[in-house]
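S.K.: sequence and computational prediction follow.
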Amino acid sequence: MKKIILASGSPRRKKILALGGVVFDSITSDVDEDFDPEEDKQKIPVILAERKVRKVFEDYPEKRNVIVIGADTIVVLGKEILNKPGDAGEAYDMLKKLSGKVHEVITGVVMISHEKSLSFSYTTRITFRELSDDQIWDYINLRQPYDKAGGYAIQEEIGPVAVKQIDGSYFNVAGLPFIPTLQLLEEMGYSFT
């Protein structure tokens with residue numbers, strides 16, 4: 001059985017992967033997260049996830065006995081990519097833009113082993129209710145969501161307040177599309193028995 005490494009320190013991704021009964025270790029991958037905003041929006045999170053995975057895989061001593069999994073998520077409103085906010089003002093601007101609108105949450109997942117590399121992207125469409133300034137600031141002050149694409153995490157207080165409709169996977173919005181990730185892991189040769 002190959003060892004599974006999640007190239008992430010995200011507690012959300014760890015929790016989602018563990019729901020599938022996958023036993024894994026976690027190694028945070030510190031890589032450049034810049035991207036070309038003109039790139040295909042479906043490819044951007046895959047490119048970012050691949051950087052994380054390759055860094056962990058290259059540094060791992062037992063390459064023949066490991067599968068490294070990585071993911072990255074972007075939020076897209078129209079043609080604009082809402083990355084991680086740098087401060088409270090940016091978080092407010094992002095949530096104000098998302099208020100009352102439909103946006104996409106796109107996660108790229110990449111897996112690498114000694115034998116092969118596989119990847120996919122998954123999109124969920126989210127419809128936000130209209131949010132008041134007080135609702136936005138209360139959330140920002142409570143959670144300081146500066147490490148979250150689009151300035152929010154669906155599983156936190158903002159989720160029940162803001163989300164009117166989800167078209168696609170809730171788990172994708174939380175950071176890792178559950179079933180597609182498990183299916184790709186099987187394609188990589190991982191056995192769940």
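M.R.: Cool, the structure landed.
S.K.: so where's this structure uncertain?
M.R.: Along the chain, no part satisfies pLDDT under 70.
S.K.: please enumerate the helices of it.
M.R.: Ranges of helices within the chain are 11-19, 44-59, 88-98, 133-143, 158-162, 170-174, 178-187, based on DSSP state H.
S.K.: mind checking those for the one nearest to residue 118?
M.R.: Closest of the helices of the chain to residue 118 is helix 178-187, at 5.6 Å (criterion: C-beta to C-beta). All C-beta spots, glycine's among them, are computed from the backbone N, C-alpha and C.
S.K.: the closest one to helix 11-19, inter-axis angle?
M.R.: Angle, helix 178-187 to helix 11-19, by axes from the mean of the first three to the mean of the last three C-alpha atoms, to 10 degrees: 60 degrees.
S.K.: report the buried residues of helix 178-187.
M.R.: 178, 180, 181, 182, 184, 185 (16 or more other C-beta atoms under 10 Å).
S.K.: how about stretch 155-168?
M.R.: 156, 158, 159, 162, 163, 166.
S.K.: could the helices of the chain go into JSON lines alongside distance to residue 112?
M.R.: Shown next, in JSON lines, are those (distance: least, C-beta to C-beta, whole Å):
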{"stretch": "helix 11-19", "distance to residue 112": "16"}
{"stretch": "helix 44-59", "distance to residue 112": "5"}
{"stretch": "helix 88-98", "distance to residue 112": "32"}
{"stretch": "helix 133-143", "distance to residue 112": "33"}
{"stretch": "helix 158-162", "distance to residue 112": "32"}
{"stretch": "helix 170-174", "distance to residue 112": "21"}
{"stretch": "helix 178-187", "distance to residue 112": "11"}
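S.K.: understood, closing this out.
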